[in-house]
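[1] no sequence for this one, just the structure:
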C-alpha cells in the first residue's frame, strides 16, 4: 500500500465520528482545491457521491494548489478577475444525546439537544488571492441559563450554551509572493500530527481535540503562516507567528513563534516542529507515517521541559473523600480543599508524550474492504490511578483523554459494505490502562440525500468504577476558598447514545 493511499485512508478514518471527526476539508465545504495544512476528510469517498476522490495533501504543495488553480497566468500581473468570486454556504447540525448512569431511573436520564449552525463567505477575486470568514452559532434548548457544571460530560457532546452564542471560527486572507512564499494571515485551522485518537504534537490549537466528539467544534487560532514549498523534493517548510494560542498577545513579547518542516524520505513522511511562547515551556514535536508492507504505521513524539501546569501528589491509596473526612472544618464550615495534605509540584527534566499505531486494510469480498487499527498513547504527566481525578476536577485541570499515563485503542471500519454504498460502520474500543476503565462505541453514518447525512452512535462504559470512562463521585460538602460546595454524588455512566442530522451546503 502506497503512502498516498495510506494518507487518503487515514483522512477518511479521521473524518468519521468514532475518530472525533475532523472538520471537513475546505473543498468539501467551500468548493475549491485542497488548502488545509492537514488532510481533511473527503465526504464523496465516505458516502458514495459521484465526485472523484481528492488526492492526499500531506506533502503536496497544498497552498500552491489552492491558490494557483488550473490557470497558468499570473493573476497579480494581468489583473484577471474571476466571475462570481464570492461563494456563500454553511452547515446545519442537529443532535440528540443521552447518557445513562448506574442506578439512575429512565426518567432522570440526562438528555441534551445541541444545535450548531456554520455560515461562511469565501471570496476568490483572483486565482492567487482568497479571503474566508466562517461564523458559528451554538444553542442547546435543554440547558438552563447558568447551569454550567464542573462535572465532565460522558457523552463528549457539545460546547453549546443555554443561550444562543455566536463565535468566530475562521477569518483569514491568503495570497502568494512570486509563487514562492504562500502567506495566510488571520484566524485559521492548522493541525499537526498523524495519530487518530491522541495528538500530543497538535500544538497550534488552544483546545485539546476530543476524539469521541461527533463534531470537532474547536475554533481556529489567529496566526501569520508563511509556507515555502520545495517542489523538486516534495518538501514543505512553515514559519508561523502566534497571536492568541496561549492567550491574547497584547505586547510584542507575547507573540509566539512556531516552525515546521515536512520531508519525504523514501516511503516515509516526517514532520519536525517546535513552538516557543512566553509563559509556556518550549515544545518540540516529531511525527511520521509510512507503509510497512501491507501495514501502514504512524506515530508522534512531543517533548517539553517540565509542565505548564502543576501536578499533584496525594497520599498513597487515599481518596479525596477520605482526605476530606480527616480535615476538620473551621467554625462549623465544611473542610477547605486548600487544607488537604496534597502536594503541588512541577516535574524536572523533559516530559514526553508518545502516540503511535498501525492500520491494515484487506479485502473481505470481491468489491469490499475492511480496515482495522491499533493505537497506543504514553503520557508522562498523567496519573497512575484515578485517586487524583476529583481533585483535578475542582482545580480546573480535568482534561479527558490525557488523565492517565497509558492508553490504548483498537478500531475497525466497514465503508459501504455490500449494497450499502452510502453507509459506514465504525467500531472503536478505548481504554485507560492506568485506571482500568474502558469504552466501546459503535458509530453508523449514512448519506440519505446528497446534502443530508444521518449519524448515530451507541457506547458502553465498563471497567473500574471511578476511572476516567466510569467517572464517579461521592463527596461530602467542602469549601474552595469562600465558596461552599454542597455534597456531590455522581453515579458512573453505563450507556451513551446519540443521533444527528447534518446538512452541508
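    Now that the structure is in, tell me what you want to look at. Since this is a predicted model, take the numbers as computed values, not measurements.
[2] Tell me where the longest strand sits in the chain.
    strand 86-101 (DSSP state E).
[3] what secondary structure does residue 325 sit in?
    helix (DSSP: H, G, I helix; E, B strand; the rest coil).
[4] can you pull the pLDDT of it?
    Predicted confidence (pLDDT) for residue 325: 75.
[5] and what of residue 7?
    38.
[6] Burial check on residue 84, number of neighbours?
    6 (other CB atoms under 10 Å). (C-beta placed from N, C-alpha, C; glycine too.)
[7] returning to what we had before: list the buried residues of the helix or strand following the longest strand of the chain.
    Counting by DSSP states H and E, the element after strand 86-101 in chain order, helix or strand, is strand 110-112. Within strand 110-112, the residues that count as buried by 16 or more other CB atoms under 10 Å are 110, 112.
[8] Distance from the chain centre to strand 110-112, please.
    With CA atoms, centre = their mean, to the nearest Å as the basis, strand 110-112 stands 23 Å off its chain's centre.
[9] Neighbouring strands - and their directions - for it?
    Looking at strand 110-112 with DSSP bridges, its partner strands are strand 86-101 (antiparallel).
[10] just to revisit the earlier point, go through the longest strand of the chain and flag the buried ones.
    For strand 86-101, the neighbour count (16+ other CB under 10 Å) marks 90, 91, 92, 93, 95, 96, 97, 98, 99, 100, 101 as buried.
[11] so what's residue 85 up against?
    Residues near residue 85 by CB atoms under 8 Å, 6 or more residues apart in numbering: 123, 124, 125.
[12] next one: phi and psi at the second one?
    Here the main-chain torsion angles of residue 124 (degrees, to the nearest 10) amount to phi -130, psi 80.
[13] What about it, how many residues nearby?
    Neighbour tally, residue 124, other CB under 10 Å: 24.
[14] That one contacts residue 84, doesn't it?
    No - in terms of CB atoms under 8 Å, residue 124 does not count as a neighbour of residue 84; the distance is 9.4 Å.
[15] Show me the residue at the heart of this protein, geometrically.
    Compute the mean C-alpha point of the chain, and by CA atoms, centre = their mean the closest residue is residue 209, 2.4 Å away.
[16] Can you check the pLDDT for it?
    Value listed for residue 209 in the pLDDT field: 88.
[17] again with residue 205
    The per-residue pLDDT reported for residue 205 equals 89.
[18] what's the answer for residue 187, then?
    97.
[19] tell me which residues in the helix or strand harbouring it are buried?
    Using DSSP H and E, residue 187 sits in strand 181-188. Neighbour counts over strand 181-188 (16+ other CB under 10 Å) mark 182, 184, 185, 186, 187, 188 as buried.
[20] Ok, stretch 365-374 next?
    Those would be 370, 371, 373, for stretch 365-374 by 16+ other CB under 10 Å.
[21] got the contact list for it?
    Counting by CB under 8 Å, 6+ apart, 9, 13, 196, 357-364, 408-418 sit against stretch 365-374.
[22] hmm, try it at 7 Å
    With CB atoms under 7 Å, 6 or more residues apart in numbering as the test, stretch 365-374 has contacts from 9, 13, 196, 357-364, 409-414, 417-418.
[23] Please apply the same query to stretch 402-418.
    Identification of contacts with stretch 402-418 by CB under 7 Å, 6+ apart yields 13, 18, 46, 48, 197-198, 208, 368, 370-379, 382-384, 389, 422-435, 468.
[24] low pLDDT regions in the stretch 401-505 of the chain?
    By pLDDT under 70, the stretch 401-505 of the chain has no low-scoring segment.
[25] Tell me how many other residues surround residue 220.
    Count around residue 220 with other CB under 10 Å applied: 21.
[26] quick one, what contacts it?
    169, 170, 187, 188, 189.
[27] Present these as TSV; the columns should include distance to residue 343.
    As requested, the contacts of residue 220 are exported to TSV (distance: CB to CB, whole Å):
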residue	distance to residue 343
169	40
170	42
187	40
188	41
189	39
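[28] So which of the residues you listed is the closest to residue 255?
    For the contacts of residue 220, the residue nearest residue 255 by CB to CB is residue 187; the value is 15.2 Å.
[29] I'd say residue 486 and residue 478 touch.
    No - Residue 486 lies out of contact with residue 478 (CB atoms under 7 Å); the separation is 8.9 Å.
[30] who's more crowded, the two?
    Comparing residue 486 with residue 478 by other CB under 10 Å, the one with more neighbours is residue 478, at 24 against 9.
[31] so who does the more buried one touch?
    Counting by CB under 7 Å, 6+ apart, residue 478 makes contact with 324, 334, 335, 337, 485.
[32] Turn the buried ones among the residues you listed into a named ChimeraX selection, would you?
    Buried residues among the contacts of residue 478 (16+ other CB under 10 Å), as a ChimeraX selection:
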select :324,334,335,337
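[33] Keep only those of the contacts of residue 478 that are in strands.
    Those of the contacts of residue 478 lying in strands (DSSP E): residue 485.
[34] Include distance to residue 230 when you put the contacts of residue 478 into CSV, please.
    Formatted as CSV, the contacts of residue 478 follow (distance: CB to CB, whole Å):
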residue, distance to residue 230
324, 60
334, 63
335, 62
337, 54
485, 57
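[35] tell me which of the contacts of residue 478 is nearest to residue 270?
    Distances from residue 270 to the contacts of residue 478, taken by CB to CB, are shortest for residue 337, at 45.2 Å.
[36] Model confidence score at that closest one, please.
    Residue 337 is assigned a predicted lDDT (pLDDT) of 80.
[37] Surely it touches residue 481?
    No - checked against CB under 7 Å, the pair residue 337 and residue 481 is beyond contact range at 8.4 Å.
[38] list residues touching both of the two?
    By CB under 7 Å, 6+ apart, no residue touches both residue 337 and residue 481.
[39] what ranges do the helices span in this structure?
    3-15, 26-30, 43-47, 62-68, 75-78, 320-326, 389-394 (DSSP state H).
[40] what residues are up against the nearest residue to residue 339 once chain neighbours are set aside?
    Leaving aside its chain neighbours, residue 339 sits nearest to residue 327 (5.4 Å; criterion: CB to CB, 6 or more residues apart in numbering). Neighbour list for residue 327: 335, 339, 340 [criterion: CB under 7 Å, 6+ apart].
[41] Now with 10 Å, please.
    334, 335, 336, 337, 338, 339, 340, 341, 478 (CB atoms under 10 Å, 6 or more residues apart in numbering).
[42] do residue 315 as well
    Contacts of residue 315 (CB under 10 Å, 6+ apart): 322, 323, 326, 340, 341, 342, 343, 387.
[43] again, only using 8 Å
    Counted by CB under 8 Å, 6+ apart, residue 315 has contacts 323, 341.
[44] thinking again about what came up before, from the buried residues of strand 86-101, which single one is nearest residue 460?
    residue 100 (10.0 Å).
[45] what are the bridge partners for the closest residue to residue 167 other than its chain neighbours, then?
    Counting by CB to CB, 6+ apart, residue 167 lies nearest to residue 136, which is 4.4 Å off, once chain neighbours are set aside. Taking DSSP bridges as the rule, residue 136 bridges to residue 118, residue 167.
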